[in-house]
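Engineer: Provide a 3D model corresponding to the input given below.
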Amino acid sequence: MTDNRDESLEQRRRRLSAALAERDAEEAAEAKRDAQSEESRRGMALGLKISSEFIAAIAVGAMLGYLLDRFAGTGPWGMIILLLLGFCAGILNVLRAVGMVALPPSLAGGRDKKRKP
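Structural biologist: Predicted structure coming up:
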């Protein structure tokens, strides 16, 4: 009778171990999928940030150029020059966001530590 009980207990223990191993494998696969989707979301957020900064810089340059031309009567030159400056500012923003260009020392120093007088 005790042998039968021990065998039954051992069988139940094996089934439970197999079920736990299966559950652990499923949880590991789910954690891996979650990590991949999180990385994908980060990439999408960075892409949207970079594109919106680039487009905003060009739009601001074009608007300021249009207003300058309209009120100062400078013809198309104000818009052309400020549109090009906006494009350059957009490129600089993209390069800064990607990390290929560092912030100016005046801005970088203010973020890391306070200036001493």
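Engineer: longest helix in this protein, by residue count?
Structural biologist: helix 2-72 (DSSP state H).
Engineer: on contacts alone, who are the packing partners of the helix or strand just after it?
Structural biologist: Next helix or strand after helix 2-72 toward the C-terminus (DSSP states H and E): helix 77-98. Applying 3 or more C-beta pairs under 8 Å, 6 or more residues apart in numbering; DSSP states H and E, we find helix 77-98 packed against helix 2-72. C-beta: built from backbone N, CA, C; applies to glycine.
Engineer: From the chain's centroid, how far away is the helix it packs on?
Structural biologist: 12 Å (C-alpha atoms, centre = their mean, to the nearest Å).
Engineer: how close does the residue most central in space within the chain sit to residue 104?
Structural biologist: Nearest residue to the geometric centre of the chain (C-alpha atoms, centre = their mean): residue 46, 3.2 Å. According to C-beta to C-beta, to the nearest Å, residue 46 and residue 104 sit 22 Å apart.
Engineer: For this structure, which element, helix or strand, carries the lowest mean pLDDT?
Structural biologist: helix 105-112 (a mean of 66; mean pLDDT, DSSP states H and E).
Engineer: Just give the nearest non-adjacent residue to residue 53, would you?
Structural biologist: Excluding the flanking residues, the one nearest residue 53 by C-beta to C-beta, 6 or more residues apart in numbering is residue 93, at 4.4 Å.
Engineer: Could you list the low-pLDDT ranges of this structure?
Structural biologist: In the predicted model of the chain, residues 1-3, 108-117 satisfy pLDDT under 70.
Engineer: Tell me how many other residues crowd residue 19.
Structural biologist: 10 (other C-beta atoms under 10 Å).
Engineer: any idea how far it is from residue 5?
Structural biologist: 21 Å.
Engineer: Could I get the phi/psi values of residue 76?
Structural biologist: phi -80, psi 0 (degrees, to the nearest 10).
Engineer: That one - nearest residue in space that isn't next to it in sequence?
Structural biologist: Using C-beta to C-beta, 6+ apart, the nearest residue to residue 76 is residue 69, at 6.6 Å.
Engineer: That neighbour is in contact with residue 82, isn't it?
Structural biologist: No: Residue 69 is beyond contact range of residue 82, at 9.0 Å (criterion: C-beta atoms under 8 Å).
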